[in-house]
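1. Using only what follows, build the 3D model:
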Amino acid sequence: MEINYTKYQDGLVPTVVQDEITKSVLMLGFMNEEALARTQETGNVTFFSRSKGRLWTKGEESGNFMEVKSIKIDCDNDALLITAKPTGPVCHSGSDTCWNERNRSHFGFFSYLEDVIEERKNNPERVNSYVASLFKKGVNKVAQKVGEEAVEVVIEAMDTNDLNFLSESADLMFHFMVLLQAKGFHLRDVEKTLRSRHKYDKDTTEA
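-> Modelled structure (predicted):
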């Protein structure tokens, strides 16, 4: 990877580190040419510490290293994006990220919907709440509803009406998410199971 370090102040390049799975932004650091070379050589994210005036491998004191998965340079050749696998909290404060955020997967609208379902579960007295009424009926009834919706999806899959198929698929997904929480789980638990079955390439670093 060739970078024109003369473009940057003191030969440093801002480097964003992102979790390879959750896509959460973990931290921002700076690299010089030597830090980048050390990162590529060892497979652990290494910065140039401006305060210490030397190379600094993330985790050298805490043991919470960040294993490099890929390295990309932006279109203007003036910033790096590293995807990595953290082995523990990234921030010195003990937080998952340097923005004091939890490093967990986000599934867009599905995560928003999951939060809504959880709120209904925790507030069963909510009037006119379909989700709350499902939780009140118990896990067996919720599971039965999932089964009914699954049958509807299969029926529509064998037809040619795409709109109906997508509508029934949405119903199935929604009720499955309710069932997950009725059983004490979330989408991230399903994701974790799928990830455990998937074999990643050992060398995905882009140079």
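2. Measure how far stretch 156-176 is from the centre of its chain, please.
-> Taking Cα atoms, centre = their mean, to the nearest Å, one finds the center of stretch 156-176 at 27 Å from the center of the full chain.
3. In CSV, list the C-alpha atoms belonging to that stretch.
-> Only the C-alpha atoms of stretch 156-176 are listed here, as CSV (Å, rounded to 0.1, in the frame of the first residue of the first chain):
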residue,chain,number,x,y,z
GLU,A,156,-47.4,-17.7,-1.3
ALA,A,157,-43.9,-18.8,-2.4
MET,A,158,-45.6,-21.4,-4.7
ASP,A,159,-47.8,-18.7,-6.2
THR,A,160,-46.8,-15.8,-8.5
ASN,A,161,-48.0,-12.8,-6.4
ASP,A,162,-44.8,-11.2,-5.2
LEU,A,163,-46.6,-8.6,-3.1
ASN,A,164,-48.4,-11.3,-1.1
PHE,A,165,-45.2,-13.3,-0.7
LEU,A,166,-43.4,-10.3,0.8
SER,A,167,-46.3,-9.4,3.0
GLU,A,168,-46.4,-12.9,4.5
SER,A,169,-42.6,-12.9,4.8
ALA,A,170,-42.9,-9.7,6.8
ASP,A,171,-45.5,-11.2,9.1
LEU,A,172,-43.3,-14.3,9.6
MET,A,173,-40.3,-12.2,10.4
PHE,A,174,-42.2,-10.0,12.8
HIS,A,175,-43.7,-12.9,14.8
PHE,A,176,-40.4,-14.7,14.8
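4. Just the pLDDT for residue 199.
-> For residue 199, the pLDDT comes out at 75.
5. backbone phi and psi for the residue most central in space within the chain, please?
-> Compute the mean C-alpha point of the chain, and by Cα atoms, centre = their mean the closest residue is residue 22, 1.2 Å away. According to degrees, to the nearest 10, the main-chain angles of residue 22 amount to phi -80, psi -20.
6. Spatially, what comes nearest to it if we skip its sequence neighbours?
-> Excluding the flanking residues, the one nearest residue 22 by Cβ to Cβ, 6 or more residues apart in numbering is residue 105, at 4.7 Å. All C-beta atoms are positioned from the backbone trio N, CA, C, and that covers glycine.
7. cool, and residue 129?
-> residue 120 is the one closest to residue 129 (Cβ to Cβ, 6+ apart), at 5.2 Å.
8. Identify the residues contacting the residue nearest to the centre of the chain.
-> Residues in contact with residue 22, defined by Cβ atoms under 8 Å, 6 or more residues apart in numbering, are 103-106.
9. Got a quick PyMOL command for the buried subset of the residues you listed?
-> Only the buried entries of these go into this PyMOL selection, using 16 or more other Cβ atoms under 10 Å:
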select buried, resi 103+105
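10. Fine, thanks again, bye for now.
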